[in-house]
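**Q** I'll drop the sequence and a predicted model, then ask my questions.
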Amino acid sequence: MPDHIVTAFTDELEHLSANLLRMGGLAESMIMDASRAVATFDLELARDVIKRDRAIDELEVEAEKAIVRLIALRHPMATDLRAVLGAMKLAGDIERIGDLCKNIGKRCLELTGDENRAAVKGIERMSRAVSHQLQLALDCYLRQDIEAAKTVLDMDDDIDDHYTSLFRETLTYMMEDPRQIGSNTHLIFMAKNLERIGDHATNIAKAVYYMVTGETTTGAKIESRLAEDDHGEQR
Amino acid sequence: MDGNVEDFAETTTTIDRTQSGSAPIKVDCRHIDVFYDDKQAIHDISLEIEDRSVTAFIGPSGCGKSTFLRCINRMNDTIEAAKVTGEIFMDGANINDPSIDPVLLRSRVGMVFQKPNPFPKSIYDNIGYGPRIHGLASGKAEMDEIVEKSLRKAGLWEEVKDRLQAPGTSLSGGQQQRLCIARAIAVSPEVILMDEPCSALDPIATAKIEELIDELRERYCIVMVTHSMQQAARVSQKTAFFHLGKLIEYGDTEKIFTNPEHGRTQDYITGRFG
């Protein structure tokens, strides 16, 4: 697509998307570090994750200001309008991801360090999957790739499965040893947070789908649309 | 346009504003070409314009939108070098048919121009002129009624009722433009063409005209050329994008401004045109 005649408009849109990708990168590293803090019982790292949420919040405020400015001064239309609206959704989703990571960090500070290893490993595995999903969602934003958006949506089922099995596992440990109920409850909430982060990654993929196609959608619609394209029915 | 439009026209007289594609077709343009001497200004444009709605023509300068607009009331007849081919049906009758009197046609298809152009006469006479030459009023009382009704419809009555004998040119630009709209309405047209009606007006006067256009579309078929895409987005239900004498895209305004089909429409409305 050619640049805008008013080059500042193109610059502002590019700046906005770079800003969002930076937010996304921060969120991604927060997920990994939060889970590492849990796995290695590294309270210093947990405190660091808690602190880093602020950077994401600040970037979100900056992105929102840029979005308001774009709408007020540039009157974006068509793809530009969708890019700006999509950016607004992304900023909100990534900011929430930051909050959820911060919460994992806080819960980490409440752990005793002698939680069941298997459950802790489960959190680590789940966070790897979630972080990968977020990374893919951000990639599909960067490349405006709706094929990748579908993969992101598909991954959500896996993450839900992770959560369900972790939940069951943890319940068993609690029944075996009631002294572990407190810290295991924290583990369950951490898993729930990770599952929510997965939902936000899914939202990002849906927002990208909207930006590219102009259609609001559910996961099922993306699938049938892509299946149509596979049959050679190009839009 | 889907096939049940005629059925719709027969069975109901109210238009559901929320549904696109539900209004009957008022003006049906088929394969219009316009030449200025050897230069072709319009290339094979076919377009169906809905009744009781606002259709906006957008596109860069020189894309042919005003030329096309002028085909609808045969204003191009007045230009020596212009030649129009193709058919335009209004309510099923071909307006280019030799048996059609262009003067009568223009009483059915009113026009409002870019610059307000009131006659150098009183406000009253500006409105009364058309009805008088078309013999629409049989006496003073009837004429008074037409003048008041037209000014009311154009949202100007309250502002001028005490000075109907003042010259039309004594009004402000926005009032003059509403006077011109009132003048167009006075001969009870069915279609109103507007060629950049707000380009010489300030934002407040523009907003008043836009509000007026929105009210008028309950009764008339309005076709408007505008350079302001925001205006097209605000007041029209259908938008046609012209480029280099061709119709590139025509559809629901909402669709054109959120998710146009064609790359060139996209480039134009997002300000990327080279």
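**A** That came through fine.

**Q** what values do phi and psi take at the residue of chain A found nearest chain B?
**A** Nearest to chain B, among the residues of chain A, is A:Gly214, at 3.0 Å (C-beta to the nearest C-beta). Where C-beta positions appear, they are placed from N, C-alpha and C, glycine not excepted. Dihedral angles of A:Gly214 (phi, psi; degrees, to the nearest 10) stand at phi 80, psi 10.

**Q** dump the residue contacts of it.
**A** A:Arg82, B:Thr258, B:Asn259 (C-beta atoms under 8 Å, 6 or more residues apart in numbering or on different chains).

**Q** let's see it at 10 Å
**A** A:Ala78, A:Thr79, A:Leu81, A:Arg82, B:Lys255, B:Thr258, B:Asn259, B:Pro260, B:Glu261 (C-beta atoms under 10 Å, 6 or more residues apart in numbering or on different chains).

**Q** tell me the contacts of the third one?
**A** Residues in contact with A:Leu81, defined by C-beta under 10 Å, 6+ apart, are A:Leu70, A:Ile71, A:Arg74, A:His75, A:Met211, A:Gly214, B:Phe257, B:Thr258, B:Asn259, B:Ile269, B:Thr270.

**Q** between these, which sits nearest A:Leu109?
**A** Closest to A:Leu109 out of the contacts of A:Leu81 is A:Met211 (38.4 Å), distances taken as C-beta to C-beta.

**Q** my read: the closest one touches A:Leu142, true?
**A** No: assessed by C-beta atoms under 10 Å, A:Met211 is found out of contact with A:Leu142, at 11.6 Å.

**Q** more neighbours: these two, which one.
**A** Ranked by neighbour count (other C-beta atoms under 10 Å in any protein chain shown), A:Met211 and A:Leu142 place A:Met211 first, with 22 against 15.

**Q** can you list the residues of chain A near chain B?
**A** A:1-6, A:9-10, A:74-83, A:85, A:210, A:213-215, A:235 (C-beta under 10 Å from any C-beta of the partner chain).

**Q** hmm, try it at 6 Å
**A** A:Pro2, A:His4, A:Ile5, A:Met77, A:Ala78, A:Asp80, A:Gly214 (C-beta under 6 Å from any C-beta of the partner chain).

**Q** out of these, name the ones that lie in helices.
**A** Under the assignment DSSP state H, the residues of chain A next to chain B contribute A:Ala78, A:Asp80 to helices.

**Q** re earlier: mind giving me the PyMOL select for the contacts of A:Leu81, buried ones only?
**A** The following PyMOL line selects those of these that are buried, judged by 16 or more other C-beta atoms under 10 Å in any protein chain shown:
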select buried, (chain A and resi 70+74+75+211+214) or (chain B and resi 257+258+259+269+270)
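
**Q** can I assume B:Gln40 sits in a strand?
**A** Yes: under DSSP: H, G, I helix; E, B strand; the rest coil, B:Gln40 sits within a strand.

**Q** got the contact list for it?
**A** Not one residue lies near B:Gln40 by C-beta atoms under 6 Å, 6 or more residues apart in numbering or on different chains.

**Q** and it, what pLDDT?
**A** pLDDT, B:Gln40: 95.

**Q** tell me the bridge partners for it.
**A** Beta-bridge pairing for B:Gln40 (DSSP bridges): B:Phe35.

**Q** give me the low-pLDDT residue ranges for chain A?
**A** Low-confidence segments of chain A, defined by pLDDT under 70: A:218-222, A:225, A:229-235.

**Q** give me the residue at the spatial middle of it.
**A** Nearest residue to the geometric centre of chain A (C-alpha atoms, centre = their mean): A:Ala201, 3.7 Å.

**Q** now do the SS call for that one.
**A** Under three-state DSSP, A:Ala201 comes out as helix.

**Q** any idea how far A:Leu100 is from it?
**A** Distance check for A:Ala201 against A:Leu100: by C-beta to C-beta, to the nearest Å, it reads 11 Å.

**Q** if I look at the closest residue to chain A within the stretch 151-274 of chain B, how far off is A:Met77?
**A** Taking C-beta to the nearest C-beta, chain A has its nearest neighbour within the stretch 151-274 of chain B at B:Asn259, 3.0 Å off. With distances taken as C-beta to C-beta, B:Asn259 is found 10 Å from A:Met77.

**Q** alright, I will stop here.
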